[in-house]
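[1] Here you go, sequence then predicted model.
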Amino acid sequence: MRRRLFLFPLLLLVLAGGIAHGQSQLRFCLGAEPKTLNPLLVADEPSETVRYLTGGVLVRLNRMTQQLEPALATSWKVGGNGSAIRFTLRPNVRFSDGTPFSAEDVAYTVERLMDPALHSPTGDSFRSSDGKVRTQIVGESQITIVFPAPIVGLDKLFDQVAILSAHSPQKEMAVLGPYYVAENKAGSYLLLKRNPNYWKHDAAGRQLPYIDSVRLDIQQNRDIEMLRLARGEIDFINSLNADYYDKLAAQAPHMAFDAGVSFDSEQMWFNQVPGSPLPGYKKAWFTSTNFRRAISMAINREDLARVVFRGHARPAVSWVSPANKFWFNARLQPHPFDQNAALELLARDGFRMKNGVLRDRDGHAVEFSVMTNAGNKARERMAAMIQQDLAGIGVRLNVVTLDFPSLIERITRSFNYEACLLGLVNDDLDPNAQMNVWLSSSENHQWNPSQKTPATAWETQIDALMRSQAATMDVNKRKQAIDKVQEIVWREEPFIYLVNKNALSAVSANLRNVHPVSLRPQVYWNIDQLVLGTEVARSR
Amino acid sequence: MKRVRLAAILFLIVVAAGCLLADVAAPASYAHQFRDLPDAAPSRQHLLGTDDLGRDRFSRLLYGTRVSLLLAPAAALLASVLAAVIGGAAGFLGGWLESAVMASTDLFLSLPWLFLLITVRALLPLNVSPLASVTITFALLGCLGWAGAARVICADARRLCGSDMVLLARASGASGFRLLWRHIVPNLKPVLAAQFWISVPVFVLTEANLGILGLGVAEPLPSWGSLLRELESFSAFSAQPWQLAPLVLLVLTVSCFHLVFKKQELWT
Amino acid sequence: MRKLGKLAARLLLVLGLGGFLGATLVRLAPGFGVDEEELDSRLSEGSMRALRQSNAASGSLAGFYIHYLSRLAHGDLGESQALNEPVRQLLAERFPETLKSVVLGLALGWAAGLSLAMLAVMSRMGVVDLAASLLASVLLCIPAAVLALLFVVAQAPGRLVLGLIVFPKIFHYARNLLAQSAALPHVLTARAKGLGSVRVLLRHILPVAAPQLLALAGVSVSLAFATAIPVEVLCDLPGIGQLAWKAALGRDLALLVNLTMIVTLVTLTANSAAELAAQPPRGGQA
């Protein structure tokens, strides 16, 4: 009896040790707390991270090959000239809580997603016109979704749609992705645990993901994030700035990854809103193409890329990044840095240099401010460098850093600003995703939003071209239209594109099967196949 | 101690001379970017190296000293004067007025002044010059930084009102403003001095942090605060210890001022 | 009792005023009612309109405040727009964290500041005063962000940073107050009569400086709360300081009003307690 009593706790210990030994945990940081765990309402990056890790999607865009792959749908077909899509669903799949997955769940998700009262940003990507979205379920495993109008790149958009359960009592917490949210300590961390019912298996038949849990620590400070990586407290940093990249590359080159040019860009634009509270002569400057092009040519983009981004960026050309190989207009080159040519352009509009100060034809000294969001060191440095560049053509630039809400208020409500320096975060390969930036009637047409009729002939042209590319499924015709839009933008410079940054990341040597790419999420895009060093040891 | 005080005076003279003669002493303009030499180590050409945009650190330190050395003490003086007037008057007058003033002080300490500063920035023209921007910032700090000290000064003034010295002064016919100005305020100097010496470095650092609201010094004008903000990247200054120069200068300058004026603080 | 009653009335009045003025500052500041989601180019016109409407202030400021007070009477503190959680829950989760930091920070700051101040005043060696002043000056001049980073690097508890920020302020005030008291004639007499330094300090210097030190204690509480904001943000401590920063960036009116009232309450309580403690006993001398 005594021996049994002695053996029982020993057995427990061994079991606990065995379990503890088998538990692998991936750790990385989120820059802020996720605003929502409802996958249909995701709009910020931390929420998107949670969605990517927990949400099961019908099709998955392979971030490396940039090709669409089957996920919860084994096959799909786009029909009806791009207004309908039929999915054949994978059988025998269950949600994380055991609830069976079927076409009903897809129908339910689409209905919720497209509910106009929900105002889902993901749902808005599918909204090409008014009208109801219909779903037709055929048997247990086929569903056709019919939209009121054709949608370009329809199938790729489903990469962002996490399927919800129509029947689970856990509602959106029941998931089909590799992990589910097990713990959420507000302001501190989220703990995700492996989905015991995850549908994916590796070639050897082993259920994925390999890593048992993921811990997402809320960490705003980038310095502390770096320290934690150095100490081995976290396993990777998804997006690294150039300063840290260089330091890491010098100390531990095997940990630093440069996946090449990203899809993001940094740009500057002038306020061209006619009703803005700017003086008339400044409005005249900013609405002049010659003025904008001259400013553009007076900025040394090579220096920006070399000094601010330590060479991990390249001069930008267009709103489509060169990383987007198909859609980028490769005929376009960055505007050259040529201050003499800039002055010649300005002279055409009556600007003259007098005692080192550039003046317009009415004698006003050319002085304006550029605002950017405070706390973003790269943008503050770029603004300081642009300030020096423009001093070379006699322009006085005042750099104003503002907190983000104040900045947004100026560019969307009061229009009380002169120039703005911000970045574009681009997660979508298809340029149609930026429709609302290029349509002159749109609120996101930053330099002059919500126009009743286009203010200029070139904006009329852009409107027509963007609408035409959205109305055809012919990829070559779309490419022609998008190329033309890029040419117009390059010529007219409503946005002065500065640089495209590289996608830099840091990965611990302990993490295997990592292939950082330039499309988000750069490091953990293949989360279910990542392996921690301990896992390798165990599987051997 | 005499020698130490003398050394402090000499140091202050050197610092003052350096920043007044910055136009002559600085090897380069504080704004000029030597873009081929970002983050350079100290050399003959750049005594303290260059910053991340290739600007000469030594030049920026000289000009930054000029800005901060002039404006931070002025703001600290403003805060101290406000604290003396408000706290001193409240403690001297006593009664319901003291309670009202102290309640207002507590309220003042609790309000989110961040939003007032944001509003001030919104009211300023976008093209305000860097010097005007930093002057306005320090003026605001001076106007907002008095509340804590006012409470302590009020308690001190209250104590003094009940002291034998003031009783004797009243008996001699002193009253009202004369009593306050001649007998109470001079005895508040130690607290006012403490307030002043604390405020100078605090305002220098706060000015830099207000950059996040669009206040503070604007590019390319440097200040001690903006130079000290570079230290917030630990990995930067651990590899480049010369970045600590502004911190060392600030500490030494504040300490030297304190040393030079210390004796006069304590005695009426 | 009458005094306590008066204090309570004053507290309630100032608290109410604090909440209202705080709400006014937030509401009138630029950036109120905007959301960075507005820059999301995927949003349709309808969604954009709905987003703006949901963020826009509904009704007047006075109306908001009256509604807030009536909800407060039922224990409902409203909902945080920035974090999509009830304010009450957020405060209940985070206030203990800040309280721990503030108590620890104040204890450390006062222990170090007052001890060094006493040492500086009582020591006959000027070098002690000089060294202590230098230490305080160094800590005053180091940005909070740098201190916090150094603590993270050293893997020391971030809460202690608060103590290092509070200490130099306590030291400078306490040193000057004690030095002023030490220069009074009765202290000279006590010394001349052969009393020991400790006795002179405890019996003749500290009691004279006590009212001012108590006032300083009250002020240091609000200082510690104000300092908690950058320290919690930098060290990622999930307290109300971090919450206040997020609320400020998001212009979260409900959260900011509640936080203002909490800070006002703490400040008033600390300062009122200090005032009460500094009152001389009945029949005693000032």
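    Cool, got the structure.
[2] What is the neighbour count of the nearest residue to residue A:82 once chain neighbours are set aside?
    Spatial nearest neighbour of residue A:82, chain neighbours left out: residue A:150 (3.6 Å); criterion: C-beta to C-beta, 6 or more residues apart in numbering or on different chains. Just so you know, the C-beta spots here come from the backbone N, C-alpha and C atoms, and that holds for glycine as well. Using other C-beta atoms under 10 Å in any protein chain shown, the number of residues around residue A:150 comes to 18.
[3] Name all residues that make contact with residue A:150.
    When contacts are counted by C-beta atoms under 8 Å, 6 or more residues apart in numbering or on different chains, residue A:150 is found next to A:80-83, A:128, A:471, A:473.
[4] One more: residue B:204?
    Applying C-beta under 8 Å, 6+ apart, one finds that residue B:204 lies in contact with B:68, B:72, B:223-225, B:228, B:250, C:141.
[5] got the CA positions of stretch A:409-419 in CSV?
    Taking C-alpha atoms only, stretch A:409-419 is exported to CSV below (Å, rounded to 0.1, in the frame of the first residue of the first chain):
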residue,chain,number,x,y,z
GLU,A,409,-8.4,65.9,-37.7
ARG,A,410,-6.5,68.3,-39.9
ILE,A,411,-6.4,66.0,-42.9
THR,A,412,-10.0,64.8,-42.7
ARG,A,413,-12.0,67.5,-41.0
SER,A,414,-10.5,71.0,-40.8
PHE,A,415,-8.1,70.7,-43.8
ASN,A,416,-6.0,73.2,-41.8
TYR,A,417,-2.6,72.0,-43.1
GLU,A,418,-0.2,72.7,-45.9
ALA,A,419,1.7,69.5,-46.5
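[6] What mean pLDDT does that stretch get?
    Here stretch A:409-419 scores 95 as its mean pLDDT.
[7] So what's the gap between that stretch and the chain middle?
    Remark: stretch A:409-419 is offset 24 Å from the chain centroid, using C-alpha atoms, centre = their mean, to the nearest Å.
[8] Over to stretch C:188-199 now: how far is its first residue from its last?
    Taking C-alpha to C-alpha, to the nearest Å, the first and last residues of stretch C:188-199 lie 13 Å apart.
[9] Check which residues of that stretch are buried.
    residue C:190 (16 or more other C-beta atoms under 10 Å in any protein chain shown).
[10] and the contacts of residue A:150, which are buried?
    Using 16+ other C-beta under 10 Å as the burial test, the contacts of residue A:150 include A:82-83, A:128, A:471 as buried.
[11] Could you pull up phi and psi at residue A:136?
    Per-residue torsions, residue A:136: phi -120, psi 120 (degrees, to the nearest 10).
[12] Bridging across strands, which residues link to it?
    Beta-bridge partners for residue A:136, by DSSP bridges, are residue A:144.
[13] wait, what's in contact with it?
    Counting by C-beta under 8 Å, 6+ apart, residue A:136 touches A:143-144, A:146.
[14] Kindly provide the distance from residue A:476 to chain B.
    Shown here: residue A:476 relative to chain B, a distance of 43 Å by C-beta to the nearest C-beta, to the nearest Å.
[15] That residue - how many residues pack around it?
    When counting by other C-beta under 10 Å, one arrives at 8 neighbours for residue A:476.
[16] Quick check: which element contains it?
    Assigned by DSSP states H and E, residue A:476 falls within helix A:475-492.
[17] now that helix, how far from the chain's geometric center?
    The chain centroid and the centroid of helix A:475-492 are separated by 22 Å, computed with C-alpha atoms, centre = their mean.
[18] ok, now stretch B:122-134?
    So, by C-alpha atoms, centre = their mean, the centroid of stretch B:122-134 is 20 Å from its chain's centroid.
[19] Output it as PDB, nothing but the C-alphas.
    Once non-C-alpha atoms are left out, stretch B:122-134 reads as follows in PDB (Å, rounded to 0.1, in the frame of the first residue of the first chain):
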ATOM      1  CA  ALA B 122      -3.900  73.900 -32.700                       C
ATOM      2  CA  LEU B 123      -4.300  77.700 -32.100                       C
ATOM      3  CA  LEU B 124      -0.800  78.500 -33.100                       C
ATOM      4  CA  PRO B 125      -0.100  79.000 -36.800                       C
ATOM      5  CA  LEU B 126       1.600  76.000 -38.500                       C
ATOM      6  CA  ASN B 127       4.400  78.200 -39.700                       C
ATOM      7  CA  VAL B 128       5.500  79.500 -36.300                       C
ATOM      8  CA  SER B 129       9.300  79.700 -36.100                       C
ATOM      9  CA  PRO B 130      11.200  77.100 -34.100                       C
ATOM     10  CA  LEU B 131      12.400  79.800 -31.600                       C
ATOM     11  CA  ALA B 132       8.800  81.100 -31.100                       C
ATOM     12  CA  SER B 133       7.600  77.600 -30.700                       C
ATOM     13  CA  VAL B 134      10.100  76.700 -28.000                       C
END
